[in-house]
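In: Provided below for reference: sequence and predicted model.
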Amino acid sequence: MASLLLLLLQSLLFLSLPWFFISSTTSSNPIPKPYVVYMGSSSNGDREDVEAAELSHLQLLSSISSRQKSQKVSLLHQYFHAFRGFSAMLTESEASKLSGHEEVLSVFPDPVLQLHTTRSWDFLEVGSSEQARSQYHHPPNDVIIGLIDTDAVVMNPTCHMLLQEYGPESPSFSDEGVDEVPARWKGTCMEASDFKKSNCNRKLIGARYYGIQPSNSNGTGTESTKASGSPRDSVGHGTLTASTAGGALVANASYYGLAEGTARGGLPSTRIASYKACTEEGCSGSVILKAIDDAIRDGVDMISISIGSSSIFQADYLHEPIAIGAFHAEQMGVLVVCSGGNDGPDPYTVVNTAPWIFTAAASSIDRDFQSAVVLGNGRTYKGSAINLSNLTSSKKHPLVFAKNAAANFTPADEARNCLPGSIDQTKVAGKIVVCVDTDPMGSRRIKKLVVEDAKAKGMILIGDNQNGDPFDSGVFPFTQVDNVAGYKILKYISSAKYPTATISKTTTVSNQRPAPTVALFSSRGPGELTENILKPDIMAPGVAILAAYIPNNDPGSVPFGMKPSKFSIKSGTSVACPHVTGAAAIIKSVHKEWSSSMIRSALMTTATFINNEGKPLTNSTKSLANPHEVGVGEISPYRALHPGLVFETTTKDYLKFLCYSGYSQKNISSMAGSKFHCPENSGNELISDINYPSISIGNLKRHGSARAVTRTVTNVGPANSTYVASVDSPAGLIVRVYPGKIDFRQNARRVSYSVSFQGKEAPGGYNFGSITWSDGRHSVRTVFAVNVE
């Protein structure tokens, strides 16, 4: 019962967070709070400039502070490698004064962002040629991935007995067969009481952490801080994402026998550098900025961030830490991949939508985890779950509908949903309880805890699991059946004198069809900040994925007689994100000279839009999926090695995007690190014209003139090539491409073309389609979304 009460308190605390942030920005309370101060691009990150920048930050803080000497301004983090700024403990008055300083672009309260929490890579390889796959095993170049998360070293420091028995490290970060660390690497492995430099190796080449504590005063009325804590992962999320992106080959990996096979990341030879910016409570925006700044300085090729802000309260690009850091990473040639969020299926819920961020949606793979219900009358019904119970099919247990076991004075609807306090323990102890899933206030975890605390034998949940995300109930017998099976189970209970049942232990079922499908939880577009960039960008596996994790020895989590597993099965766009990062690493390993936008373009224009039945992709309701759900489609890493043509999106494109979005030329120049002049015509509709691998027009007037956008493609295939365009558009939307044929001859490496859209006869709302350029060998597909009003 204590665990249930704790869970409810945590839920109430989470629900109250937005009100906390609102009140924190409107109160005149003089108590200092953490703020981020962003000052634009950094021209140079050399050590002497770092020291000068630190002094400058301290002097700036001192100039606006009127505190007593005993109340020094606390400087938390400083940024001076890729961009300039700092975070500090400030009052609202001090923050307001700083926001008016000519060197400062933005000042905002330090937000707390949330973590977006084997077979998958094999599934993605289906349809790839042997020649393409062979390059995976012999990559010619080193790739370094920076993971900003809860870190990537498996150890729970409170589980000392576990450490003695199993060792502190995950086999997914073994450096067996990995070459020496690249000479270009400038990072470090920070030590702590439970972590030494020797814990890093040729695979895990960097580990930083950002817990803070005050250090000595600087004599300026302010004080700086130093790191405290450990780079060890005590949550598991960072270990999961790191092993998914670039984990080593681990044979016979499984979660207590489920999903058994060889676990690996996209590119097992990838180097991992971990930056511990998160804890169980969340991720400080100021720390994320510091981690991005450090990762760029250390020399990573790409950064994977499975973290995001609330889809309800989305800050603009100058007040959002990931957007700020990612812009400067892109400026320095570092690709940033982010999760799109788990707030689907509602529209306008996708986050991390800046065009310089590669945004991932989540999909299923062709594997399921099933647990059957066997009734006393012999009927069997398929269910979805991950349960490690020891119930057998030979012994049946009394079966009861929770509605019929309601506690005194409890509404029937609360009891049937198994909400806290709704069930009479004397009526369910030792029995299998049937609950329904019609009240969104009761999650599967809460219902399971309610039933388990009531001493029930097991639980059957009735409700279509459109997520496709099996609930992990540990050793407690649990399964979820659809509404059709649920109706038959309830009918059996009402008709049988002594209804009984049992729940089978979960088994792995392969070759599921159709796959992939869009996960119900995966956040949807269009983007809230602008509809003229198509988001999410792309889809990748994110449902029930096996990956390295912290060994969990909590009561009820480990089957009797077994050791805690070093792997787990998790879902979320936080799992999809490192799949995209791993795919990008595969391309970078072969095309070292390619820019981050070229890599993104290659993955987007070669993505697959059909499932393993050869039909168009669908969502969890079995309806056709649209680009606001899947982006351009599912990643196809090996097809992307040879895309034929790519769209290069430059820093100038991103600066124009900021101009078109209404930011001041002064602030944009500061972000650029040099004087930048916005085009005279800088309307929001021109965002559609930046050279992006997809096209989105947020407002096409039905009775207006045709809207034309321009794109430029770069030939990365054979020098003498001719591509012909074909259009797939919905009825009524007139789409014309000019010219319809483009030639690459001798020195002609880049060619521009225009696409016009006219919607006089088109249905209202969003119309989706695609333009494909083909030379007979390559197919370069550009997805479009056009909103006709």
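Out: Cool, the structure landed.

In: Name the helix or strand of this protein that has the lowest mean pLDDT.
Out: helix 160-166 (a mean of 31; mean pLDDT, DSSP states H and E).

In: Which SSE is immediately downstream of that one?
Out: strand 204-209 (DSSP states H and E).

In: mean confidence score for that following strand?
Out: Across strand 204-209, the average pLDDT comes to 92.

In: and what of stretch 511-522?
Out: 93.

In: going forward can the numbers begin at 315, since that is how I track them
Out: Shifting the count to begin at 315 puts that one at stretch 825-836.

In: Give me the residues contacting that stretch.
Out: 437, 654-659, 675-682, 780-783, 850, 853, 855-857, 885-887, 890, 925-927, 929, 931-934, 939, 943-944, 948 (Cβ atoms under 8 Å, 6 or more residues apart in numbering). From N, CA and C alone the C-beta is placed, and that goes for glycine too.

In: try it again with 7 Å
Out: 654, 656, 658-659, 675-682, 780-783, 853, 856-857, 887, 925-927, 929, 931-934, 939, 943-944, 948 (Cβ atoms under 7 Å, 6 or more residues apart in numbering).

In: ok, now stretch 497-511?
Out: By Cβ under 7 Å, 6+ apart, stretch 497-511 touches 458, 467, 469, 471, 513-514, 519-523, 541, 543-546, 587, 611-613.

In: Point out where this protein drops to low pLDDT.
Out: Scanning the chain for pLDDT under 70 picks out 315-343, 357-363, 379-387, 431-455, 465-483, 526-542, 780-781.

In: from memory Lys411 sits against Ile378, does it?
Out: Yes: between Lys411 and Ile378 a contact is recorded at 4.2 Å, counting by Cβ atoms under 7 Å.

In: got a list of what the closest residue to Ala640 other than its chain neighbours touches?
Out: Excluding its sequence neighbours, the residue lying closest to Ala640 (Cβ to Cβ, 6 or more residues apart in numbering) is Val650, at 4.0 Å. Contacts for Val650 were tallied using Cβ under 7 Å, 6+ apart; they are 617, 619, 640, 643-644, 671-672.

In: sec struct for Ala567, please.
Out: strand (DSSP: H, G, I helix; E, B strand; the rest coil).

In: From the contact counts, what lies against the strand or helix carrying Thr553?
Out: Thr553 is part of helix 551-560 when elements are defined by DSSP H and E. Using 3 or more Cβ pairs under 7 Å, 6 or more residues apart in numbering; DSSP states H and E, the elements in contact with helix 551-560 are strand 458-463, strand 585-590, strand 859-862, helix 887-904.

In: ok but Met985 is inside a helix, no?
Out: Yes: assessed with three-state DSSP, Met985 lies in a helix.

In: ok, and the closest non-adjacent residue to it?
Out: Per Cβ to Cβ, 6+ apart, closest to Met985 is Gly354, 5.3 Å.

In: list the contacts for the one you found?
Out: 397-398, 419, 984-985 are the contacts of Gly354 under Cβ under 7 Å, 6+ apart.

In: so what's the backbone phi/psi at it?
Out: With angles defined as degrees, to the nearest 10, Gly354 sits at phi 90, psi -160.

In: What separation is there between it and His391?
Out: Per Cβ to Cβ, to the nearest Å, Gly354 is found 16 Å from His391.

In: try Ile1085
Out: Distance from Ile1085 to His391, by Cβ to Cβ: 45 Å.

In: Which one of those two is surrounded by more residues?
Out: His391 (25 against 20; other Cβ atoms under 10 Å).

In: Confirm the more buried one sits in a strand?
Out: Yes: per three-state DSSP, His391 lies within a strand segment.

In: Is Pro865 in a helix, a strand, or coil?
Out: coil.

In: And for it, the neighbour number?
Out: 22.

In: Now intersect the contacts of Val650 with the helices, please.
Out: 640, 643-644 (DSSP state H).

In: With distance to Ala770 and neighbour count as added columns, please give these in TSV.
Out: Below are the ones in helices among the contacts of Val650 laid out as TSV (distance: Cβ to Cβ, whole Å; neighbours: other Cβ atoms under 10 Å):
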residue	distance to Ala770	neighbour count
Ala640	48	26
Ala643	51	27
Glu644	53	24
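
In: with those residues in mind, which one is nearest to Ser818?
Out: Ala640 (46.1 Å; Cβ to Cβ).
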